[in-house]
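>>> what shape does this take:
(one chain, ligands or ions: 1)
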Amino acid sequence: MNPFRDRIFTAVFAGSAIASTIAVSIIGWVAIHNIEEAGVKQQIDVHAAVVQIYIALVAICGIALVFCYIVALFAAGRFRRDADPILRAAQTMAAGDAHARIDVSRDDEFGKMAEWMNALADRRASLLREAESQQNEVRTILDHASEGIIVIGESGRILLMNGAARLMFHAPPDATGRLFVEVSRNAKIQEFVERVRDSFESLQADIVIDEEDLTTFRFRGSRIPDPGGREVRILLIAGDISDLRRLERMRIDFVANASHEIKTPLSAILGYAETLQDDPDLDAETRGKFLETIARNSRRLEELVRDMLHLARLDSAGGAFQFDSVSVVEVCESAFEAHREPAKKKGIDLSMSETLGDLKIIAERELLYQSISNLISNAIKYTPSGGKVTLEASAGAAGVQIIVKDTGTGIAPEHLARIFERFYRADPARSREAGGTGLGLAIVKHAVLLHGGKIDVESEPGVGSRFRVSIPFEPPK
Ligand code: ADP
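Numbers count the residues shown, from 1 in each chain. Sure, this is the predicted structure:
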């Protein structure tokens with residue numbers, strides 16, 4: 001079935017048939033008119049002549065019709081041969097074949113049409129290439145964005161979800177097309193999406209995903225304008241602000257803990273000072289005891305402030321530290337010597353072994369000294385009289401290892417993960433009694449990290465503890 005070709009056939013056939021009929025009619029009319037005139041003049045048998053002419057005219061009409069049919073058939077066939085390649089190519093192009101082109105060797109209207117169609121196909125291919133490259137660009141940008149980007153359709157299905165969003169929601173790679181409520185089952189997020197759907201303004205909300213570890217996402221949501229007004233699509237942008245929240249919590253906790261730590265010795269100092277002031281007749285022994293308490297609490301305050309300043313310096317992005325070539329053995333020996341007397345006084349056997357010789361590393365001498373010193377001081381503090389504290393220094397492939405071992409109280413497993421936190425104490429009473437500030441290990445951890453190293457601990461209650469510091473030969477750039 002080819003309606004166009006059929007129409008050409010019908011037009012040519014009908015045209016030529018009408019033309020032949022008109023021509024035959026005119027010829028017939030002229031002939032009959034002449035015969036009638038001749039009849040009037042009595043020259044011929046008019047009736048017989050007219051019948052013959054009619055027969056002749058019908059025969060001529062028949063022949064003309066057959067001839068017209070053949071001409072129309074030929075014209076339609078010719079048209080079909082010319083048009084078919086163009087139609088076929090157009091069909092292939094329409095089916096999406098970007099490489100299909102029409103032969104343009106002809107010089108007539110069909111050739112022109114083919115040329116324009118090829119130009120159209122070229123333009124379409126270049127637009128497609130452009131659109132594809134733009135799409136790739138957008139996809140790359142979306143997948144490298146640190147914020148999660150999600151587009152949700154009217155039905156609640158995900159139309160787009162970038163890599164960051166998939167990570168945030170632990171969504172599978174084929175999340176697109178699924179219902180958003182299946183991917184995020186958090187009621188607060190769903191409620192936020194509904195609010196965005198009903199609002200003509202952009203909305204923002206911080207939603208806590210996990211109360212325990214303070215995982216918090218900041219959502220911004222808005223409706224995507226649709227000129228057709230057919231579908232309400234929603235754009236959600238989610239940023240992970242958990243670190244910010246944790247820092248905020250740490251800062252609040254730190255201020256609360258520091259205030260509490262300062263308040264206790266300060267109250268003691270104030271109380272005893274006021275008593276001394278109010279009662280000038282106190283006996284010398286009581287006065288001496290009071291003054292001793294004031295001095296002890298003042299020292300405690302001083303140590304606390306010193307440790308807090310130390311931490312503040314470490315916190316301030318490296319705090320202008322001077323890294324130099326440092327002999328690890330020399331620093332270990334200095335820390336060991338500084339604790340020899342206190343250890344002896346407490347009846348603790350303090351010993352040191354090293355296999356480093358004069359090996360040097362790039363380090364901040366003061367921080368290294370302070371770290372080793374803190375570890376030895378803790379070991380002595382938490383080891384009862386008669387116990388043993390050992391300091392070991394050795395070299396490995398990647399750097400040096402400093403180990404401080406004791407046969408002290410040990411640390412219960414539930415405290416091990418937290419003892420490097422600021423003001424965390426496994427045994428608060430013992431720590432305070434021993435004059436601890438609760439900041440020593442936090443300072444050591446910070447200092448070790450600043451050198452690109454790490455610290456770990458193994459401990460068994462009632463048996464002892466082993467702190468191991470590993471520091472690379474050179475800090476990271
Ligand atoms: P502190 O000033 O209280 O000693 P640290 O930050 O140095 O504070 O240590 C944190 C906590 O870790 C201590 O309160 C103590 O409970 C525990 N700890 C540290 N070192 C040892 C150790 N060698 N043996 C037993 N417990 C320790």
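
>>> mind listing the helices for the stretch 101-250 of the chain?
109-144, 163-168, 180-183, 187-198, 242-278 (DSSP state H, counting those that start in this stretch).

>>> what about Ala171, how many neighbours?
Applying other CB atoms under 10 Å, we find 20 residues neighbouring Ala171. C-beta: built from backbone N, CA, C; applies to glycine.

>>> shaky segments in the stretch 1-150 of the chain?
1-5, 40, 42-43, 104 (pLDDT under 70).

>>> do that again at 90, thanks
Residues of the stretch 1-150 of the chain that meet the criterion pLDDT under 90 lie in 1-122, 124-125, 128, 139, 143.

>>> where does it get nearest to the ligand, residue-wise?
Ser146 (34.5 Å; CB to the nearest ligand atom).

>>> got the phi and psi for that residue?
Main-chain torsions, Ser146, degrees, to the nearest 10: phi -80, psi -20.

>>> now it. Nearest residue, chain neighbours left out?
Ala164 (5.9 Å; CB to CB, 6 or more residues apart in numbering).

>>> one more: Phe420?
Phe420's closest residue in space is Lys445 (CB to CB, 6+ apart), at 4.5 Å.

>>> show me what the host helix or strand of that neighbour is packed against.
Using DSSP states H and E, Lys445 maps to helix 440-450. Secondary-structure packing of helix 440-450 (3 or more CB pairs under 8 Å, 6 or more residues apart in numbering; DSSP states H and E): helix 284-315, helix 365-381, strand 454-460, strand 464-472.

>>> quick one: name the residues of this structure near the ligand.
Within the chain, the positions near the ligand by CB under 6 Å from any ligand atom are 378-379, 382, 406, 408-411, 419, 425-427, 431, 436-442, 465.

>>> select only the buried ones of these in ChimeraX?
What follows is the ChimeraX syntax selecting those of the residues of the chain next to the ligand that are buried according to 16 or more other CB atoms under 10 Å:
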select :378,379,382,406,408,409,410,411,419,425,426,431,436,437,438,439,440,441,442,465
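
>>> where does the stretch 151-300 of the chain have low pLDDT?
154, 173-174, 184-185, 200, 211-213, 225-232, 250, 279-282.

>>> mind running it again at 70?
229.

>>> in contact with Phe323, which residues?
Ile362, Ala363, Glu364, Pro475 (CB atoms under 8 Å, 6 or more residues apart in numbering).

>>> test my guess that the third one contacts Ala320.
No - between Glu364 and Ala320 there is no contact under CB atoms under 8 Å: 10.2 Å.

>>> these two: which has the busier surroundings?
Neighbours were counted for Glu364 and for Ala320 using other CB under 10 Å; Glu364 has more, 20 against 7.

>>> Three-state assignment for the closest residue to the more buried one other than its chain neighbours, please.
Closest residue in space to Glu364, ignoring its immediate chain neighbours: Phe321 at 4.4 Å, by CB to CB, 6+ apart. Here Phe321 is recorded as coil under DSSP: H, G, I helix; E, B strand; the rest coil.

>>> next up, phi/psi of Phe321, please.
phi -90, psi 150.

>>> distance check, it against Gln401.
As judged by CB to CB, to the nearest Å, Phe321 and Gln401 stand 22 Å apart.

>>> re the thing from before, considering the contacts of Phe323, which possesses the most neighbours?
Ala363 (30 neighbours).

>>> check contacts around it.
Ala363 touches Phe323, Asp324, Val326, Val328, His451, Ile471, Pro475, counting by CB under 8 Å, 6+ apart.

>>> neighbours around the fourth one, how many?
Close neighbours of Val328, defined as other CB under 10 Å, add up to 25.

>>> with Pro475 as the reference, measure out to it.
14 Å.

>>> can you check the fifth one too?
Per CB to CB, His451 is found 5 Å from Pro475.

>>> again, but for the first one
Counting by CB to CB, the gap between Phe323 and Pro475 amounts to 6 Å.

>>> overlap of the contact sets of those two?
Shared contacts of Phe323 and Pro475, counting by CB under 8 Å, 6+ apart, come down to Ile362, Ala363.

>>> can you map out the strands along the stretch 1-150 of the chain?
148-152 (DSSP state E, counting those that start in this stretch).

>>> and for the residue nearest to Glu364, the neighbour number?
17.

>>> pretty sure it sits against Ala447.
No - using CB under 8 Å, Phe321 is not in contact with Ala447, being 9.2 Å away.

>>> what residues are shared contacts of these two?
Glu364, Leu367.

>>> Asp174: neighbouring residues, count only.
9.

>>> buried stuff in stretch 129-141?
Of the residues in stretch 129-141, none is buried (16+ other CB under 10 Å).

>>> what do you get for stretch 438-458?
In stretch 438-458, counting by 16+ other CB under 10 Å, buried: 438-448, 450-453, 455, 457.

>>> same check on stretch 107-124?
Phe110, Gly111, Met113, Ala114, Met117, Asn118, Ala121.

>>> so how far is the ligand from Ser199?
Counting by CB to the nearest ligand atom, to the nearest Å, the gap between Ser199 and the ligand amounts to 50 Å.

>>> what's the burial count for Phe192?
The number of residues near Phe192, taken as other CB under 10 Å, comes to 20.

>>> give the contact list for it.
So Phe192 contacts Leu203, Ala205, Ile207, Phe219, Gly221 (CB under 8 Å, 6+ apart).

>>> on that earlier part again, just the contacts of Phe323: which has the poorest pLDDT?
The pLDDT minimum for the contacts of Phe323 sits at Pro475, where the score is 86.

>>> so it belongs to a helix, correct?
No - Pro475 is assigned coil when assessed by three-state DSSP, not a helix.

>>> phi, psi of it?
According to degrees, to the nearest 10, Pro475 has phi -70, psi 160.

>>> gap between Glu292 and the ligand?
Taking CB to the nearest ligand atom, one finds Glu292 at 21 Å from the ligand.

>>> whoops, I mixed them up, Ile372
Ile372 is 13 Å from the ligand, by CB to the nearest ligand atom.

>>> pLDDT on stretch 303-310, on average?
For stretch 303-310, mean pLDDT is 93.

>>> buried ones in that stretch, by neighbour count?
Glu303, Leu304, Asp307, Met308, His310.

>>> in contact with Ala335: list those residues for me.
Tyr369, Ile372, Ser373, Ile376, Leu391.

>>> show me which of these is closest to the ligand.
So of those, ranked by how close each gets to the ligand (CB to the nearest ligand atom), first place is Ile376, at 9.3 Å.

>>> the closest one: how many residues sit nearby?
Ile376 - counted by other CB under 10 Å - has 26 other residues nearby.

>>> just Ala23 next, same as before
Neighbours around Ala23, by other CB under 10 Å: 13.

>>> quick one: contacts for the closest residue in space to it that isn't next to it in sequence?
Closest residue to Ala23 in three dimensions, ignoring its sequence neighbours and counting by CB to CB, 6+ apart: Ala64, at 8.0 Å. Contacts for Ala64 were tallied using CB under 8 Å, 6+ apart; they are Ser16, Ala17, Ser20, Thr21, Ala23, Val24.
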